[in-house]
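Visitor: Sequence and predicted model, in that order:
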Amino acid sequence: MIAEPQTDPAVDEASVSPVHPHRIRTRFLIAFVIGLLAVLGIGVGALYAYDQQHLGRILPGVHIGQVNVSGLTPAEVTARLQEAFGSFGKGQVVVSADGLRATLPYEAFHREADIDAMVEGAMSVGRAGSPVERVIANARTAVRGVVIEPRIRLDESYLNAWITNVAAAQHVSPLDAQIAASKTAFAVKDGVTGRQADPTAILASLGAQLARIDAPAEIDVDLPLIDLEPTNTTAEAAAAVTAANRIAQDITIHDRDDHWTIKAATIRSWIKFGPTADGAYEPVLDATKIPKALNSVAAAVSRSPRNASFKFSGSKIVGVIPSANGRTLDKKATAAAVGAILTARTTSATSSDVTAVLTVTPPALSTAEAQAAAPKMRALPGGTWTTYFFITERNHFGANIWIPALDIDGTVVAPGETFDWWKAVGPISRARGYGDGGAIINGKTEPQGALAGGICSCSTTLFNAALRAGMDMGARRNHYYYIDRYPIGLDATVFKSSSGSTQTMSWTNDTKYPVVVRGYKIRANGKGYVKFVLYGVPSNRKVVIGNPTIRNIRPASDTVIHTPSLRAGTSKRVEFPVDGKDVWRTVTVYQNGKIIHQTTYYSHYSRVTGVTLVGTG
């Protein structure tokens, strides 16, 4: 009898729980990982066995270029590569430039197969990456093979330096065109175009070619050359010379019928050549030289103004000599006019004529003023003075006194104008008749001590004439010692020393009318006389000269000196005794009863010991 299954009444279908999907996935992943590990274990084991089989050898399927190195040791590969690529160091680089052919053997810069790098590269095939990657790579290598490009090594720095030196040797510096000046022309010396090699392009080209395994045994490259133009080209210099020759032409300066020429050679010496702001090359004129070239023009043009003067018949004015304007060259303006023409010539031919620019100076006394005053003029009251002198070698026999008197004769002193002794007399020279005469030197009289010695007789005479005519007196100085031919305290010495010191005598015409100075040369009774008379329009002036105040008298002594220079029984007076003294004199000038000038003149006269020489020879 078959028993029927028993059913637990407490359990039914509803009470049994189903399996959750998450658990199913987890179980699957665990199973996969276990499977993968099993496979990897098998792969790793196989890889280990593969590596052990090729330990220290290159894996199958590896080639270096056309060379099969599969299964070879590094030493075997090295030997095979040296055999295959040993000729890489044979060959040369040839650089050509403008006929130059420079050669550099490959071995000079150590171009050769980089066997070490190629061996290292072959050995690394299949030995990098994860085990899985290596398994896949090894399988691919075995089936398809791996080709490693042959490698080249070389000393690039040596090669670059050699190329750079070859390029530098081709350098030729440009030479600027030169311009030479002579008295007659400018000449151009041609410039020279330089050159420069640019190695940049061939350095890159050579590097690429030499890195190739199939590089030829000879690599020829052309070194490019670049022209270097000179800063100043021949054409630019020639253009500058054309402009300079146009500038350097005569210039004529005109003044009415007179003319002066600045020669082309002179202008040419003012011209230099140089660059402009925009890089051009052109003549440069030194305008500062122009004024000097005008010196001769200035001297020829210059004329001092001339006062109107008067014609005399005896002591009477009978006519007027016309005045004349003075003139001087305005150098600055004339130089500017010359410069303007020269500047204009830089671009085109232009005029060569310049009108002199003059500055006109009117005279202090015009013709019209002289004509108006002439009928009223006469010898001024008190304005006459005469001095006598002995005609001896001490005054060059009168010449040193009379020459300046005649120079001054006829001098017109305009209203407000100042008479100055040294401006009024002509040059003091032997050519004009002056000679050596007496002078007081170091307190002693030297009979032939100075050129124009004795001239003070003339200056003292004019001083007294002007003083007594009531003029406004200026510079005055007394002599070293008192000379009794002159009014005491009213003498006036003049001199010019070799040391440069000067003493003048001056006075100013402070009237409203011109004053004419007449000078006279007189010889009478064995003596010489100098006389001055001042003519003008009387202005009601009265001159009062006070009596001298004399103090501090220092009596002089007299001495005798015996000398063999004189014959026995003869004697010669060489110095007169003169008392020393201090003198004051007051001069007062009245006009219409009012004082217009009052001056006290002080004179310190030194004592002089008399000397008489007595002969013993």
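Guide: All right, it came through fine.
Visitor: Tell me the buried residues in the helix or strand residue 102 falls within?
Guide: Using DSSP states H and E, residue 102 falls within strand 100-105. Buried residues in strand 100-105, counted by 16 or more other CB atoms under 10 Å: 102, 104. Where C-beta positions appear, they are placed from N, C-alpha and C, glycine not excepted.
Visitor: swap in stretch 163-183?
Guide: For stretch 163-183, burial by neighbour count (16+ other CB under 10 Å) applies to 163, 166, 167, 170, 172, 174, 176, 177, 179, 181.
Visitor: Low-confidence stretches in the chain?
Guide: Along the chain, segments meeting pLDDT under 70 span 1-48, 50-51, 87-89, 132-133, 135, 137, 139.
Visitor: Mind listing the strands the helix or strand that residue 586 is a member of pairs with, and their directions?
Guide: Assessed by DSSP H and E, residue 586 sits inside strand 580-591. If you go by DSSP bridges, strand 580-591 pairs up with strand 541-545 (antiparallel), strand 549-554 (antiparallel), strand 594-605 (antiparallel).
Visitor: Ok, which of those comes nearest residue 109?
Guide: Closest approach to residue 109 among the strands paired with strand 580-591 (CB to CB): strand 594-605, 105.5 Å.
Visitor: contacting residues around that closest one?
Guide: Strand 594-605 is contacted by residues 470, 472-473, 476, 478-482, 488-491, 510, 541, 578-590 when judged by CB atoms under 8 Å, 6 or more residues apart in numbering.
Visitor: Quick check: PyMOL command selecting the buried ones in the residues you listed.
Guide: Buried subset of those, written as a PyMOL selection, criterion 16+ other CB under 10 Å:
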select buried, resi 470+472+473+476+478+479+480+481+482+488+489+490+491+510+541+578+580+581+583+585+587+588+589+590
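Visitor: Could you export the strand holding residue 586 as PDB, CA atoms only?
Guide: The C-alpha trace of strand 580-591 is given here as PDB (Å, rounded to 0.1, in the frame of the first residue of the first chain):
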ATOM      1  CA  GLY A 580     106.300 169.300  -2.900                       C
ATOM      2  CA  LYS A 581     102.900 170.700  -2.000                       C
ATOM      3  CA  ASP A 582      99.200 170.000  -1.800                       C
ATOM      4  CA  VAL A 583      96.900 172.400  -3.800                       C
ATOM      5  CA  TRP A 584      93.200 173.000  -3.800                       C
ATOM      6  CA  ARG A 585      91.400 175.200  -6.400                       C
ATOM      7  CA  THR A 586      87.700 175.800  -6.600                       C
ATOM      8  CA  VAL A 587      86.100 176.600  -9.900                       C
ATOM      9  CA  THR A 588      82.500 177.900 -10.000                       C
ATOM     10  CA  VAL A 589      80.500 178.400 -13.200                       C
ATOM     11  CA  TYR A 590      77.500 180.700 -13.100                       C
ATOM     12  CA  GLN A 591      74.800 181.000 -15.700                       C
END
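Visitor: Give me the distance from it to the chain's centre.
Guide: 59 Å (CA atoms, centre = their mean, to the nearest Å).
Visitor: Tell me who's in contact with residue 515.
Guide: Residue 515 touches 380, 412, 413, 469, 471, 509, 534, 535, 536, counting by CB under 8 Å, 6+ apart.
Visitor: So which residues of the stretch 401-550 of the chain form strands?
Guide: 411-413, 418-420, 436-441, 444-451, 472-473, 495-496, 502-503, 506-508, 515-524, 527-536, 541-545, 549-554 (DSSP state E, counting those that start in this stretch).
Visitor: Figure out the length between the terminal residues of stretch 339-352.
Guide: One end of stretch 339-352 sits 11 Å from the other (CA to CA, to the nearest Å).
Visitor: Next: stretch 52-60.
Guide: Note: stretch 52-60 ends 13 Å apart using CA to CA.
Visitor: Show residues contacting it.
Guide: Applying CB under 8 Å, 6+ apart, the external contacts of stretch 52-60 come out as 69-74, 77, 122-123, 125-127, 138, 141-142.
Visitor: Now list the buried members of those residues.
Guide: Of these, these count as buried by 16+ other CB under 10 Å: 69, 70, 72, 74, 77, 122, 123, 125, 126, 138, 141, 142.
Visitor: can you put the strands paired with strand 580-591 in CSV and add distance to residue 314?
Guide: As requested, the strands paired with strand 580-591 are exported to CSV (distance: least, CB to CB, whole Å):
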stretch, distance to residue 314
strand 541-545, 24
strand 549-554, 40
strand 594-605, 31
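Visitor: out of those, nearest to residue 403?
Guide: Proximity of those to residue 403 was assessed by CB to CB; the nearest stretch is strand 594-605, lying at 26.7 Å.
Visitor: For the closest one, buried residues please.
Guide: 597, 601, 603, 605.
Visitor: Excluding sequence neighbours, find me the nearest residue to the last one.
Guide: Counting by CB to CB, 6 or more residues apart in numbering, residue 605 lies nearest to residue 482, which is 4.2 Å off, once chain neighbours are set aside.
Visitor: Over to the third one?
Guide: Once its chain neighbours are removed from consideration, residue 603 has its nearest residue in residue 478; the separation is 3.7 Å (CB to CB, 6+ apart).
Visitor: Please verify my assumption that the one you found contacts residue 487.
Guide: No - with contact defined as CB atoms under 8 Å, residue 478 does not reach residue 487; the gap is 10.9 Å.
Visitor: Let me see the ranges of the helices in the stretch 1-150 of the chain.
Guide: Along the stretch 1-150 of the chain, the segments classed as helices by DSSP state H, counting those that start in this stretch run 21-53, 74-85, 115-124, 131-144.
Visitor: List the buried residues in stretch 393-413.
Guide: 394-405, 407-409, 411-413.
Visitor: Quick one: distance of that stretch to the chain centre.
Guide: With CA atoms, centre = their mean, you get 51 Å for stretch 393-413.
Visitor: For it, measure first residue to last.
Guide: By CA to CA, one end of stretch 393-413 lies 33 Å from the other end.
Visitor: Residue 196 reaches residue 223, doesn't it?
Guide: No - in this structure residue 196 lies outside contact range of residue 223 using CB under 8 Å: 10.7 Å.
Visitor: Pull up the overlap in contacts between these two.
Guide: Joint contacts of residue 196 and residue 223 (CB under 8 Å, 6+ apart) are residue 170.
Visitor: returning to what we had before: select, out of the strands of the stretch 401-550 of the chain, the one closest to residue 461.
Guide: Comparing the strands of the stretch 401-550 of the chain by CB to CB, strand 527-536 comes nearest, at 5.1 Å.
Visitor: buried set for the closest one?
Guide: Of the residues in strand 527-536, 528, 529, 530, 531, 532, 533, 534, 535, 536 count as buried by neighbour count, 16+ other CB under 10 Å.
Visitor: Next, the contact list for the fifth one, please.
Guide: With contacts taken as CB under 8 Å, 6+ apart, residue 532 has the following neighbours: 384, 385, 386, 405, 408, 461, 462, 465, 517, 518, 519, 520.
Visitor: Not including adjacent chain positions, what is the nearest residue to it?
Guide: residue 465 (4.1 Å).
Visitor: which one of the strands paired with strand 580-591 lies closest to residue 503?
Guide: Across the strands paired with strand 580-591, closest to residue 503 is strand 594-605 (CB to CB), at 13.8 Å.
Visitor: Next, residue 337: phi, psi?
Guide: phi -70, psi -40 (degrees, to the nearest 10).
Visitor: residues near it, how many?
Guide: 19 (other CB atoms under 10 Å).
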